[in-house]
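Starting from these lines, generate the structure:
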Amino acid sequence: MLTISDFPGESTGALIAAIGVAIAGLLVLRFLQRRHEANQWEAAGRQAGLNPVGDGSSDGALELTGSVNGRPVTARYETRREIQGNEGRHKSLSNKGSRHRVTYTIVEVELSGAADGGVIVSPASGGAAAPGVRNARNRRHDRERLRRGGVFTVAEDGLMLMGTPQAAVEAVSEGLAGRALRAIRDLQIVTVGDASGVAARLTEGVDGRSMFGVGVGDVILKDIPKDETTVYVETMAFIRDGDELRQFAEGAVAVADAFEEATARTSAPE
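Residues are numbered from 1 along each chain as shown. Coordinates of the predicted model:
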C-alpha cells in the first residue's frame, strides 16, 4: 500500500503534482474526443449538403445549416448526462443509478410562417393508448371524445401523434412523412408548429383527466421549442453518416410539407 512517504522527499507535493497531471490528461482526452466528434459531424454535414456554423470550440456542438428540398434546415447534436439504462424522453421518473453521456441528434426545419395548429409525435409506449386514440373498432366514439378534448390523437404503426387540426395529424402520420418518421432510429420526439399549445391541452386533459401520466408529460415535452414556425425532430442516435443525416433531414422536411399542405386545405375557403 502506498503512503505519502513512498513519494520523493516524503512530500505531498509529488502526489499533488501527479493528481494534477492525471486531471490534465483527462481534460486533454475529453477535448480531443469532442474535437474528433465535431470533425466527424462536420464531414457528415458536408456529405449531406449542410455547412457548419461556428468553430466547435465550446461545449456546444457545431450547427449545420442549409437548404433541403427548398426549406431552411438546421442540424446539431448535443450530449446529456442521463442515468444508465434509463435514457431518453420516455424514461421512467426514477433518478437512481450512475449517469453517463448520451448523444442526441436534432434537426429543425422552418415552416413558411407561424402555424395555427400543431402536432406532437412520439413513439407509442408499449402499445398503450392515451385517452381519445383513434382505432378502427371504435372510430366514431373516439372522434366524439376528441372534439370535447380539442386534440385529435392517432396511434398507428409504433407512433403516437397528437394535435390539431385533424387533417394535419393524419397527414403527418401517413404518406411520405409517416414513412420517414418510422424510419428514424431511436426517435424521441417531433414537434410541429404550435406544439406548446397542443401540450397545454394535453396537460389539461379530456374531462379533467391528463392525457399523460403524472409527471410524464414534463419529461417528454421538456425543452422542446415553443416556436410556431418550426418542425423539431430529435433522435437518441449518434448520427455520423452523411447519407443517414441527409435522410433524417429529408424526413423532417417531409413532415413540414405534409403539415402545411394539410393546414392549407383545412383553412382554404370552400
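
In three-state terms, label residue 247 for me.
Going by DSSP: H, G, I helix; E, B strand; the rest coil, the secondary structure assigned to residue 247 is helix.

so what's it scoring on pLDDT?
pLDDT, residue 247: 96.

Surely it is in contact with residue 179?
No: between residue 247 and residue 179 no contact is recorded; they are 11.1 Å apart, counting by Cβ atoms under 8 Å. Yep, even glycine has a C-beta here, placed from its N, CA and C like the rest.

Between those two, point out the one with more neighbours.
Taking other Cβ atoms under 10 Å, residue 247 and residue 179 do not tie; residue 247 has more neighbours (15 against 12).

residues contacting that one?
180, 183 (Cβ atoms under 8 Å, 6 or more residues apart in numbering).

quick one: it and residue 239, what's the gap?
Relative to residue 239, residue 247 is positioned 10 Å away (Cβ to Cβ, to the nearest Å).

Now the helix or strand encompassing residue 259: buried residues?
Using DSSP states H and E, residue 259 sits in helix 242-267. Burial within helix 242-267, assessed by neighbour count using 16 or more other Cβ atoms under 10 Å, is assigned to 242, 244-246, 248-260, 262-263.

Give me the below-cutoff pLDDT ranges for the stretch 1-150 of the chain.
Filtered on pLDDT under 70, the stretch 1-150 of the chain yields the residue ranges 1-15, 17-36, 54-61, 83-88, 90-95, 97, 125-149.

Surely residue 39 is within a helix?
Yes: assigned with three-state DSSP, residue 39 falls within a helix.

what about it, neighbour count?
The tally of other residues near residue 39 (other Cβ under 10 Å) stands at 13.

for it, what are its contacts?
Neighbour list for residue 39: empty [criterion: Cβ under 8 Å, 6+ apart].

Okay, and the beta partners of residue 189?
Residue 189 has the following beta-bridge partners by DSSP bridges: residue 234.

and it, how many neighbours?
That count, for residue 189 with other Cβ under 10 Å as the rule, works out to 23.

pretty sure it is in contact with residue 119, am I right?
No: Residue 189 is not in contact with residue 119 according to Cβ under 8 Å; the separation is 11.0 Å.

Can you give me every residue that contacts the residue lying closest to residue 257 once chain neighbours are set aside?
Nearest non-adjacent residue to residue 257, counting by Cβ to Cβ, 6 or more residues apart in numbering: residue 177, 7.3 Å away. Residue 177 makes contact with 171, 251, 254-255, 257-259, according to Cβ under 8 Å, 6+ apart.

try 10 Å this time
119, 121, 171, 190, 192, 231, 251-259, 261-262 (Cβ atoms under 10 Å, 6 or more residues apart in numbering).

need the strands for the stretch 151-270 of the chain, in chain order.
Applying DSSP state E, counting those that start in this stretch to the stretch 151-270 of the chain gives strands spanning 152-156, 159-164, 187-193, 230-235.

Determine the three-state secondary structure at residue 113.
Under three-state DSSP, the three-state class of residue 113 is coil.

Report how many residues lie close to the closest residue in space to it that isn't next to it in sequence.
Excluding the flanking residues, the one nearest residue 113 by Cβ to Cβ, 6+ apart is residue 229, at 6.2 Å. For residue 229, the neighbour count with other Cβ under 10 Å is 15.

Distance check, residue 229 against residue 167.
Applying Cβ to Cβ, the value for residue 229 to residue 167 is 20 Å.

Need the residues touching each of residue 247 and residue 239.
With Cβ under 10 Å, 6+ apart, residue 247 and residue 239 have common neighbours 48, 184.

Save the strands of the stretch 151-270 of the chain as CSV, and put in mean pLDDT and distance to residue 67 too.
What follows is the strands of the stretch 151-270 of the chain, written out as CSV (pLDDT from 0 to 100; distance: least, Cβ to Cβ, whole Å):
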stretch, mean pLDDT, distance to residue 67
strand 152-156, 87, 30
strand 159-164, 90, 26
strand 187-193, 94, 19
strand 230-235, 95, 15
